[in-house]
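J.: could you work out the structure for the sequence below:
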Amino acid sequence: MSALVTSIVQKVYVISKGTRERQPVPAAPQAFVCLARYLDEIGTPPADESLWRTRRGADRPMAYWAMRRIIQRANEVLGTNWTLHDLRHTAANRMANGGKLTLPEVQAVLRHANIQTTSRYLTVRVEETFDKLTEHYNAPQIERSYPTGYDAEDIAAVFGA
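T.: Residues are numbered from 1 along each chain as shown. Next up is the predicted model:
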């Protein structure tokens, strides 16, 4: 049974900002654990209403401005200046540079129409480049061999051996 459960693709649906269409997005299993806890606490909203609800005042769907205000209050407490887009940007950077997802997979998660938009999140860290170059130059040299019958001077002239 556990093999079956792990192979199931879990997804949530979001309303696209551009097209206003309902689109599936993959989500981590931990996200569903958190979602279940949230729904246990607030109850399940009607099918035609937003899943995310305000926690202050009357029960209503959480609008952009309510979430923006939550981030502002967190910024005041933490002394930061984050935005909702900063959270998305951080997730995009981690996915694009984590080595587990291909760029087209990150594009699908972020729902970018153009892969060039997604490629902006790829970064090259000097430390990683240095480590890879060191590994490359420290790799054992492959000993070259050539078929018999060729003159050593000819081989040196063609291949620099």
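
J.: spatially, what comes nearest to the residue nearest to the spatial centre of the chain if we skip its sequence neighbours?
T.: With distances taken as Cα atoms, centre = their mean, Met95 lies nearest the centre of the chain, 2.5 Å away. In this structure, Met95 finds its nearest non-sequential neighbour in Val106, 4.7 Å apart by Cβ to Cβ, 6 or more residues apart in numbering. Every C-beta, even on glycine, is put in place using the N, C-alpha and C of the backbone.

J.: confirm that neighbour sits in a helix?
T.: Yes: the assignment for Val106 is a helix, going by DSSP: H, G, I helix; E, B strand; the rest coil.

J.: quick check: the gap between Trp65 and Leu84.
T.: Here the criterion is Cβ to Cβ, to the nearest Å. By it, Trp65 lies 11 Å from Leu84.

J.: which one's more surrounded, these two?
T.: Set Trp65 next to Leu84 and count neighbours by other Cβ atoms under 10 Å: Leu84 wins out with 12 against 8.

J.: thinking that one is in contact with Met67, fair?
T.: Yes: here Leu84 lies in contact with Met67, judged by Cβ atoms under 8 Å, at a distance of 6.3 Å.

J.: what do these two both touch?
T.: Shared contacts of Leu84 and Met67, defined by Cβ atoms under 8 Å, 6 or more residues apart in numbering, are not found at any residue.
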